[in-house]
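> Quick one: sequence and predicted model below, then my questions.
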Amino acid sequence: MGRGRDGCKSLPGEKDHVEGGIEQRGWGGLVAIRQQRAAGWGGFGPDSKVGDLEWEDAITLSATVVEGDKYNYRWIKWLRCLVAHPTMGETGTEHFRRMKKGDETTWSELPEELLEIIARRLTCLFDYVQFGAVCQSWHSTMVNMHQHLTFWDPWLMLPEKQDKSMIRSFYILSKRNIFELKLPEAHAKRCIGSSKGWLVMVDVSLSIQLLNPYTRVQFQLPHQLTFQDQNNFAQGYTSEELRDFFILKVVLSSSPSNPDYISIAIYSDWGKLAIARSGDEVWTTIPSEWFAFTDVIYYKEQFYAINWNGEVVSCDVGAHPKTTLITTPVRESYGQKYLVECSGELLQVIREVIFEDAPHKTIWFSVFKLDFYKKLWVEIKSLGDHSLFLGYNNSFSFCCNDSSATGVKRDCIYFTDDYLEAHQGLQNEWAGSDMGVFHLEDGRIEPHYSGYACHPFSLPIWYTPNIG
């Protein structure tokens, strides 16, 4: 590994050349500064921990970061000083302080346009937060841009620690490491949904909240006892059991910062649907001749739900809620099914699980696209540059144009263990273990997180950060 003109070690595979005072970088990068400088920033603070990042985990900047002759060499020199590599023996900050005092260039002098280009290339929220912690001008850029940046790589929220430390761990795919966050707002609560950057949590008192783990802002949803049939279902169950098994999933139409947002829940052992608007004090059941729903999605200003048999209904959430059958089952298949939007299309995913041995195990996924005109499902064999994320979360797709930056593999299904019936009454080591990455191309399944992630009620769930 050589050194550039500024004395910084060159990046692996980097091609530096200067033409007319302009340096074109083929493998440049911006890595989160090792110093924890994010104290007081919502959920990220002194209690947050992130392991050292390797070069392979760096957020890369392509040659287009420096375009034409607009930015001269000294700006790029300061970008290089941000890089922290274990073999350098110092952080980018230390390198900055070590450089000769006679150079008037500072981090705050980087052109705002260049900072915006860099910020738009960050796909991991943690890097974005650290980006804003460099100095006041960088922070201002982050504040000005955050509402326009929604492309964050998915995180896997791991089960609650058993040591009562109130620490929640998030596995970051793009970093291949764990970010720990002290989050007392989620302590001893079951996560029954992850939607639009918000977690849906229910505690042992059966109170339900929306929680943004980054900002720690919370919104209250109607109490679980306001569900129809809750009293009949509650007979013979403890409050812990009602917390763990009564609600399957909650999905939002939009962020709760929108005063018109609607929550929809799948609840009870009958798999019914219920809605709650902002400000509602009770859940309103949607009358339906269909039941045993397994997933629900807000797609093109409309809620759709799919049940165990594969019947798909649209949900009218107006003054007189009702459901209307959209399609019959794509084939005779009983089991977990999902609805997910991908490239503007509505997809149905069928998950095949076997129960021959303990624990249960997922062996296959089939994907279908809905032809709305013909009301028919057409099987597809590839997702192209997209991958799907399924589980207790709001099912979603993710574009993998730059898989090296996001850590997400294309044409795959990332899944977690959400087979609620298999967890009921279990206090063993298996609950939450059925998760992995399914490759549509050849059907193989590999792990996405290899650590221990089992828990009787606090199961792993996909989360997409939202700093708004």
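Yep, that arrived.

> quick one, helices of the protein?
For the chain, helices defined by DSSP state H occupy the ranges 73-80, 92-98, 112-120, 125-132, 136-145, 230-234, 239-245, 403-406, 420-423.

> how about low-confidence regions in this protein?
1-107, 121-133, 139, 142-152, 357-358, 402-406, 420-432, 467-468 (pLDDT under 70).

> According to the record, where do the domains of it fall?
For the chain, automatic domain parsing gives the domain ranges 16-148, 155-463.

> Tell me, how many residues neighbour residue 202?
Residues near residue 202, counting by other C-beta atoms under 10 Å, number 24. Glycine gets a C-beta too; all of them are placed from N, C-alpha and C.

> From residue 398, how far off is it?
27 Å (C-beta to C-beta, to the nearest Å).

> just residue 301 next, same as before
From residue 301 to residue 398 the distance is 22 Å (C-beta to C-beta).

> Of the two, which one has the most company?
More crowded of residue 301 and residue 398, by other C-beta under 10 Å: residue 398, with 23 against 6.

> Residue 154 is in contact with that one, correct?
Yes: at 6.2 Å, residue 398 counts as touching residue 154 under the criterion of C-beta atoms under 8 Å.

> Need the overlap of contacts for those two.
Here residue 398 and residue 154 have 389, 408 as joint contacts, going by C-beta atoms under 8 Å, 6 or more residues apart in numbering.

> Report the contact partners of residue 400.
385, 386, 387, 406, 408, 409, 410.

> Most neighbours among those residues, please name it.
Most surrounded of the contacts of residue 400: other C-beta under 10 Å gives residue 387, at 26 neighbours.

> And that one, how far from residue 342?
Distance from residue 387 to residue 342, by C-beta to C-beta: 9 Å.

> Give the intersection of the neighbour lists for those two.
residue 397.

> Help me confirm that residue 219 comes into contact with residue 209.
Yes: under the criterion of C-beta under 8 Å, residue 219 makes contact with residue 209 at 6.8 Å.

> Quote the end-to-end distance of stretch 339-350.
Stretch 339-350 stretches 9 Å from its first residue to its last (C-alpha to C-alpha, to the nearest Å).

> Look up phi and psi at residue 111.
Dihedral angles of residue 111 (phi, psi; degrees, to the nearest 10) stand at phi -60, psi 140.

> any idea how far it lies from residue 119?
In terms of C-beta to C-beta, residue 111 sits 13 Å off from residue 119.

> out of the two, which sits in the more crowded spot?
Counting neighbours by other C-beta under 10 Å for residue 111 and for residue 119 shows that residue 119 has the greater number, 21 against 11.

> Quick check: the more buried one vs residue 140, distance?
Distance from residue 119 to residue 140, counting by C-beta to C-beta: 11 Å.

> and if you look at residue 153?
In terms of C-beta to C-beta, residue 153 sits 24 Å off from residue 140.

> which one of the two has more residues nearby?
residue 153 (23 against 14).

> Pretty sure the more buried one sits against residue 171.
No: between residue 153 and residue 171 there is no contact under C-beta under 8 Å: 11.2 Å.

> hmm, who's touching stretch 240-247?
189-190, 192, 202-204, 206, 208, 224, 227, 230, 233-234, 237, 265-269, 420, 423-424, 456-457.

> hey, what's residue 398 bridged with?
residue 387 (DSSP bridges).

> tell me the contacts of it?
Applying C-beta under 8 Å, 6+ apart, one finds that residue 398 lies in contact with 153, 154, 386, 387, 388, 389, 406, 408.

> go again using 10 Å as the cut-off
Residue 398 is in contact with 151-154, 173, 342, 383, 385-389, 406, 408, 410, 412, 414, 462, 464, counting by C-beta atoms under 10 Å, 6 or more residues apart in numbering.

> hang on, the earlier thing: overlap in contacts, residue 219 and residue 209.
198, 200.

> Next, count neighbours for residue 449.
18.

> Contact partners for it?
Going by C-beta under 10 Å, 6+ apart, residue 449 touches 156, 158, 171, 173, 176, 178, 414, 416, 435, 436, 437, 460.

> Tell me the buried residues within these.
156, 158, 171, 173, 178, 414, 416, 435, 436, 437, 460 (16 or more other C-beta atoms under 10 Å).

> In a markdown table, list the residues you listed along with distance to residue 346.
Listed next are the buried ones among the contacts of residue 449 as a markdown table, based on distance: C-beta to C-beta, whole Å:
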| residue | distance to residue 346 |
| --- | --- |
| 156 | 25 |
| 158 | 30 |
| 171 | 29 |
| 173 | 25 |
| 178 | 34 |
| 414 | 19 |
| 416 | 22 |
| 435 | 24 |
| 436 | 25 |
| 437 | 23 |
| 460 | 26 |
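
> Can you tell me how far residue 320 is from residue 435?
In terms of C-beta to C-beta, residue 320 sits 40 Å off from residue 435.

> and what of residue 317?
32 Å.

> what's the answer for residue 295, then?
For residue 295, the distance to residue 435 - C-beta to C-beta - is 17 Å.

> Please enumerate the strands of the stretch 301-450 of the chain.
303-307, 312-316, 322-327, 337-342, 345-354, 361-371, 376-380, 386-390, 396-399, 412-415, 436-439, 445-446 (DSSP state E, counting those that start in this stretch).

> And the strands in the stretch 151-300 of the chain, which stretches?
Using DSSP E, counting those that start in this stretch, strands in the stretch 151-300 of the chain cover 155-157, 167-172, 177-182, 190-195, 198-202, 208-211, 218-221, 247-252, 262-267, 272-277, 284-285, 293-298.

> Send me the second one as PDB with only the CA atoms.
Extracted as PDB, the C-alpha positions of strand 167-172 are listed here (Å, rounded to 0.1, in the frame of the first residue of the first chain):
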ATOM      1  CA  ILE A 167     -29.400  -2.300  25.400                       C
ATOM      2  CA  ARG A 168     -30.800  -3.100  22.000                       C
ATOM      3  CA  SER A 169     -28.500  -4.400  19.300                       C
ATOM      4  CA  PHE A 170     -28.800  -3.700  15.600                       C
ATOM      5  CA  TYR A 171     -26.900  -5.800  13.100                       C
ATOM      6  CA  ILE A 172     -25.900  -3.500  10.200                       C
END
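
> Lovely, talk soon.
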